[in-house]
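**Student:** fold the following for me, if possible:
(2 chains)
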Amino acid sequence: MDYAILKNEKVAETCYRLTLDISKDFHPPIPGQFYNIRCTDTKDPLLRRPFSMHRLFEENGLLCLQILYRVIGKGTEWLSTRKPGDALDLIGPLGNGFLIETRKDVVLAARGIGIAPLCAVADSVHRAAPASRLHILMGARLKDRVFYREELERLGNLYLYTDDGSLGFCGRAPELLVHLLETGKIPQRCTLYACGPAPMLMELCTLSERFGLEGQVALETHMGCGFGACLSCAIPLKISSIKKTPVWTKPALQWSEDGDRCYSLICKDGPIYDIREVDWHEWLA
Amino acid sequence: MSGLPDCSVRIGPLALKNPVMPASGTFGYAEEYAPFMDLNRLGAIVVKTITVKPRVGSFPHRSTEVASGLLASIGQQNVGLERFLEDKLPFFQNLETPLIVNIGGERIEEYVSLARSLDQQARVHGVELNVSCPNVSKGGMHFGVDPDALRDLVSQVRQATGKALIVKLTPMVTDLRPFAEICQRKGADAVSLINAPIGMAVDIKTRRSKLGRNLTGGLAGPAIKPLALYCVWRVCSAVDLPVIGIGGITSVEDALEFVIAGACAVQVGTCNFINPRITLDIIEGLERYMVNHRLETLAELRGGLGGPDTRGQ
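**Tutor:** From the prediction side, this is the model:
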């Protein structure tokens, strides 16, 4: 379906924030869901590209969807040249979405553009449990790649990190989280929401086991269709930890003949998973 | 001429109201596309490969986009025959569109068992033999490249089913014509081609395949259209069987190229992922083309490639 672009703002060196009027959408997205967007006027790139919902709000009587993206290739380069008034071809909202927990302390752990879906979580937590404390871990390899500071400071306690120590904590998100838990700045009875590179998420999974944290992760991968037809985005799950709820029905699970392996489709069952149900080692092998 | 043109085609015992269907493996079990379109408008529906037992499929990192194409290794992930009959087939009870089930296996007995079982199902109108899966080590590819194996397979499956029998051929052979001739002699009602040729893509940073442990994948999308057209044209010169053209169709113009090259019908693959309604766009475009060119039947267009020496050498 085509939606009109209201704004397409540059928010950092290679990052943009797109605002679309989705007033005609009868199924507004929930945090964690995504849209598969046609990023070309031609056949190059051929396939759509998936983008998570960043924020959703009403303004001037319009229902506005925001998408936060980093320019990393032809598709996002094209997207960055779109102007207000241009139409964009979206399929969505797709996928399952986060389960919003109303614990007192909520941790959002991101790296780079991984912050995009977590801001929607922050908005939902603020609405569902105004007394919750939000702790946001945001960083990148270098100081220059850390962006969105002012927006994140408005959402909660912001802890910055860089791999080289040029800004904030010297290290990566898992190491920063250990530091914050061990120094009591974040209590261990907290809920973790994370989005970033898979190796970072795998390390956070290890920490969630060590500290007994509940957690959900937003995953990213190559997708062909986004709606469960191409079977490209399969991910192995730990068969003893598969989490099904009335919301997370996991309609696309595929078991092996002998029942010892189970693959899930990120586009249908995900892109949000419980941090402990993903078989990280098998996925990243 | 009054009303809509006659786009109908016949494939063995099967009458299709139009020649456009989705290609197996790109349309799931059809239910995935119900939110996007009226499935009853399709000429036929071809569902993804079913095997006797469920298959979990290839390792992750199954696909990567390449120039004008999609390289993918899905490895015949499917629910298996039993769950297909119990969970997926009931969806088709409320549809009128003919259903063609693509079947795959490692041994002839598996194909025969699948064909026999599906032959009992009133809602199934045809089977398409996957003799050319590029992504399963024993996924039937040997049937598609070994004339003797193909002869035995088609002959035995023909005994097992009275439904329409289509054989989906691979281009990974020197000359497709002898394979199509075998299909005709052994009683197939049609051949469909081409299945995805095998390809690779390498990540120069990690020095690994972009498909990870799968190493290779089937190449699909516009990148293979010229190859597919050539194969269709060659095969049409060799057999009197209906030929279903597959490969990189993204528009009605692409579909028309296949019909002019000799195809009686087309299957649309990768483009379903990009525009889930592409098959309907092509059906409408075909009707418009026929009206504009005063064609009353599709047969008037089929194989109408002009110029000297239009028969395959």
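
**Student:** strands of the stretch 51-200 of chain B, start to end?
**Tutor:** B:63-66, B:69-72, B:99-103, B:126-130, B:164-169, B:190-193, B:198-199 (DSSP state E, counting those that start in this stretch).

**Student:** which one, of the ones you listed, ends up nearest to chain A?
**Tutor:** Proximity to chain A, assessed across those by Cβ to the nearest Cβ, is greatest for strand B:63-66 (3.8 Å). Quick note: C-beta positions are derived from backbone N, CA and C, even for glycine.

**Student:** pull the distance from the closest one to the chain's centre.
**Tutor:** 20 Å (Cα atoms, centre = their mean, to the nearest Å).

**Student:** how about stretch B:199-209?
**Tutor:** 29 Å.

**Student:** which outside residues touch that stretch?
**Tutor:** B:64, B:66, B:69, B:71, B:210-211, B:215-219 (Cβ atoms under 8 Å, 6 or more residues apart in numbering or on different chains).

**Student:** just these that are near chain A?
**Tutor:** Of the residues in the contacts of stretch B:199-209, proximity to chain A by Cβ under 8 Å from any Cβ of the partner chain holds for B:64, B:69.

**Student:** which of the contacts of stretch B:199-209 are buried?
**Tutor:** Buried residues within these, defined by neighbour count using 16 or more other Cβ atoms under 10 Å in any protein chain shown: B:64, B:66, B:69, B:71, B:210-211, B:217-219.

**Student:** between the contacts of stretch B:199-209, which is nearest A:Lys43?
**Tutor:** B:Gly69 (10.0 Å; Cβ to Cβ).

**Student:** circling back to that earlier point, okay, the strands of the stretch 51-200 of chain B in CSV with distance to A:Phe211 next?
**Tutor:** Listed next are those as CSV, based on distance: least, Cβ to Cβ, whole Å:
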stretch, distance to A:Phe211
strand B:63-66, 36
strand B:69-72, 39
strand B:99-103, 49
strand B:126-130, 49
strand B:164-169, 53
strand B:190-193, 56
strand B:198-199, 45
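
**Student:** where does chain B have low pLDDT?
**Tutor:** The model of chain B has pLDDT under 70 over residues B:1-2, B:133-140, B:307-313.

**Student:** go again using 50 as the cut-off
**Tutor:** B:1, B:312-313 (pLDDT under 50).

**Student:** quick check: the residue of the stretch 51-200 of chain A nearest chain B.
**Tutor:** For the stretch 51-200 of chain A, Cβ to the nearest Cβ, closest residue to chain B: A:Ile91, 7.3 Å.

**Student:** you'd agree that residue is in a helix?
**Tutor:** No: per DSSP: H, G, I helix; E, B strand; the rest coil, A:Ile91 lies outside any helix segment and is strand.

**Student:** tell me the mean pLDDT over stretch A:12-32?
**Tutor:** Average pLDDT, stretch A:12-32: 93.

**Student:** what's the end-to-end length of that stretch?
**Tutor:** Across its full length, stretch A:12-32 reaches 22 Å end to end, with Cα to Cα, to the nearest Å as the criterion.

**Student:** what residues does the stretch 1-150 of chain B have near chain A?
**Tutor:** Counting by Cβ under 8 Å from any Cβ, the stretch 1-150 of chain B sits next to chain A at B:26-28, B:32-33, B:35, B:48, B:53-65, B:67-70, B:72, B:74, B:77-80.

**Student:** among those residues, name the ones in helices.
**Tutor:** Mapping the residues of the stretch 1-150 of chain B next to chain A onto helices (DSSP state H) picks out B:Gly80.

**Student:** whichever of the residues of the stretch 1-150 of chain B next to chain A end up buried, select them in ChimeraX.
**Tutor:** The ChimeraX selection below is limited to those of the residues of the stretch 1-150 of chain B next to chain A classed as buried (16+ other Cβ under 10 Å):
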select /B:26,27,28,32,33,48,54,55,56,57,58,59,60,61,62,63,64,65,68,69,70,72,74,77,78,79,80
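
**Student:** re the thing from before, which ones are touching the residue of the stretch 51-200 of chain A closest to chain B?
**Tutor:** Per Cβ under 8 Å, 6+ apart, neighbours of A:Ile91: A:1, A:35-37, A:48, A:226-227, B:276.

**Student:** and the residue nearest the centre of chain A, which of the three is it?
**Tutor:** For chain A, A:Pro117 is the residue whose C-alpha lies nearest the centre (Cα atoms, centre = their mean; 3.7 Å). The three-state label given to A:Pro117 by three-state DSSP is helix.

**Student:** neighbours of the closest residue to it other than its chain neighbours, how many?
**Tutor:** In space, and not counting its chain neighbours, A:Pro117 is closest to A:Ser52: 3.9 Å by Cβ to Cβ, 6 or more residues apart in numbering or on different chains. A:Ser52: 30 surrounding residues under other Cβ atoms under 10 Å in any protein chain shown.
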